[in-house]
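*Asks:* Predicted model and sequence follow; I will ask about them next.
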Amino acid sequence: MTPNRRELLATFLAAAALRTATADDAVTVPGKRPLILQNDRPEDLETPVRYFDSWTTPTDAFYVRQHLPRPPRIDRGAYRLTINGRVSKTVELTLIDLERLPQITVPATLECAGNGRAFFRPAVPGIQWTRGAIGNAEWAGPRLADVLALAGADRSAAFVEMDGADSGAGGTPDFIRSMPMKKALDSATLLALRMNGEPIPDIHGFPARLIAPGWCGSNFVKWVTRLSPATERHGGFFMNPAYRFPKTPVPPGGAAPAADLEPIEGMPEKSTITSPEDQASVNAGPQVIRGFAWAGEEAIERVEVSTDGGSRWGDASLSPQKLRYAWRLWQFNWRPEAPGYYTILSRATDSAGRVQPVVATWNPSGYLYNAIDRIGVKVEKGA
Ligand SMILES: Nc1nc2c(c(=O)[nH]1)N[C@H]1C(S)=C(S)[C@@H](COP(=O)(O)O)O[C@H]1N2
Ligand SMILES: [Mo]
C-alpha cells in the first residue's frame, strides 16, 4: 500500500469507529421503516432481524450501504449511461434505451461483505454490522451483456469497469469497481431498473444498478453512469485495498500482506437465526425457530439446528425453491423440555458440499463472517 492509500484507509476506518448497534440507534429515513443506524453521514442502515419474516425482503426494510457523502439523486430524464473504453463505438444511453431491451427478473440475495463484522474476535474496525446487512429481492432489468452489446463491447477485454454517480469529495476516492468480463456476460448479471416490482428507490441506486448474483454487495454498483470494458482491473481504493480477502488464513489480530489479498467474489455458505431474537424470553411450550440461509453462487442444500449448544442437531425444514443466488427460509419446531437458558445454533450446507464453519476466517477487514449462528434464549415457566 502506498502511504497515500494508507492515509485514506485510516480516514475510512476512523469514520467508522468501533461501535455496536443497539435498539436505541433505530432511525427512520424517508421510505424506510425504523432501521438500525450504523453511520449517519451518509446513512448506513441495518435491518433488524424481526423484519426478516418473508422470502422477499420488503424494500422499506432493506439495509442501506453508501460510502460517500451526498449520495446522488438522479433525474429520470437527465440520466445518461456512457459506455466507453474497449468498445467499437462509445455510446450514451438514456433510461428509455435500457427499458427497450428485454427485461429479465432475477431473485438474488444482496449481502455486504462486512455483514457480521461485529462478531469477529479480536474485534475489527469498520461498521459493526451484526446480522442485518443482507436482504433478498427480485431485481429486474436488462442483462448487462445486452447493454454492453449496444456499444459493441470487446468481449475479450478481461474486465468491465463500473462507475456510480456518487463521487468522492475532498480527497475521498470515487466508487469505481471492476468486474471480470466472464461474470459481466453471465445471463443472470443485470443492470437492474426495478427492485421488488418498483423502480429502484433513490437510496438503492435509481435509476440503474448492477446485480452480480451470488457475489458480495460491493459489486452491486448503484447509480451506474459509466461502463468501460478494460484490459486491467481498476486500481482505485474500492478495488484495492478495500473488499479483498487473504488467500490463506492469517493469525487473528495479525496483518495480511497486500500481495496475499485478492478481490472478494462469490459469497460463502451461511445461515442466520432471525427468531427468536438473541437473549429473548419465551414462554414454555412449542416454539418455532426461524431463519434464512444462502450460499452465494451455490444453492442451500440443508440447514441443521441445535438447541443444546451443539451436542445434538436436527434438520430444519426449508422453503421449497432451491435457487442459486437467493436465500432459503428455514424453520425448526422446538419443544423445550424445561424452563432455563438455551443456546441455539444453526448450520448451513450448500450444493457444493460446503458446511458453515464453527469459526469464521478472521481477516483484518472483517469480511465474510459466516460462522455457525448462535443465540441464547430464556424459557420461562408457562402461565
Ligand atoms: N455507487 C455505489 N454503489 C454501491 C455502494 C456505494 O457506496 N456506491 N456500496 C456498495 C456496497 S459495499 C453494498 S454492500 C451495496 C449495498 O446496497 P444497498 O444500499 O442497496 O443495500 O451497494 C454497493 N454499491
Ligand atoms: Mo458492502
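*Replies:* Happy to help now that I have it. Numbering: from 1, shown residues only. Ligands and ions are numbered 1, 2, ... in the order given.
*Asks:* Which residues of the stretch 1-150 of the chain lie near ligand 2?
*Replies:* By CB under 5 Å from the ion, the residues of the stretch 1-150 of the chain that approach ligand 2 are 65, 112. Where C-beta positions appear, they are placed from N, C-alpha and C, glycine not excepted.
*Asks:* now the strands for the stretch 1-150 of the chain?
*Replies:* Under the criterion DSSP state E, counting those that start in this stretch, the stretch 1-150 of the chain contains strands at 26-27, 35-40, 43-46, 81-83, 91-93, 104-111, 134-141.
*Asks:* Nearest approach to ligand 1 belongs to which of the ones you listed?
*Replies:* strand 104-111 (5.7 Å; CB to the nearest ligand atom).
*Asks:* any chance of the strands of the stretch 1-150 of the chain in TSV, with mean neighbour count and mean pLDDT too?
*Replies:* Compiled in TSV, the strands of the stretch 1-150 of the chain are given as follows (neighbours: other CB atoms under 10 Å; pLDDT from 0 to 100):
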stretch	mean neighbour count	mean pLDDT
strand 26-27	14	80
strand 35-40	20	93
strand 43-46	24	95
strand 81-83	20	98
strand 91-93	17	98
strand 104-111	22	98
strand 134-141	23	98
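*Asks:* among these, which is nearest Ile203?
*Replies:* strand 43-46 (7.9 Å; CB to CB).
*Asks:* Grab the CA positions of that closest one and hand them over as PDB.
*Replies:* C-alpha atoms of strand 43-46 as PDB (Å, rounded to 0.1, in the frame of the first residue of the first chain):
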ATOM      1  CA  GLU A  43     -26.800   6.800   6.400                       C
ATOM      2  CA  ASP A  44     -25.800   3.200   6.600                       C
ATOM      3  CA  LEU A  45     -28.800   1.300   7.900                       C
ATOM      4  CA  GLU A  46     -29.000  -2.300   9.200                       C
END
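*Asks:* my guess is Gly285 contacts Gly382, does it?
*Replies:* Yes - with contact defined as CB atoms under 8 Å, Gly285 and Gly382 form a contacting pair (5.4 Å).
*Asks:* nearest spatial neighbour of the residue of the stretch 51-200 of the chain found nearest ligand 2, skipping sequence neighbours?
*Replies:* Of all residues in the stretch 51-200 of the chain, Cys112 sits closest to ligand 2, at 3.3 Å by CB to the ion. What sits nearest to Cys112 in space, not counting adjacent residues and going by CB to CB, 6 or more residues apart in numbering, is Ala133, at 3.8 Å.
*Asks:* pLDDT value on the one you found, please?
*Replies:* What the model reports as pLDDT for Ala133 is 98.
*Asks:* And it, how far from Asp97?
*Replies:* For Ala133, the distance to Asp97 (CB to CB, to the nearest Å) stands at 33 Å.
*Asks:* These two: who's more crowded?
*Replies:* Ala133 (25 against 15; other CB atoms under 10 Å).
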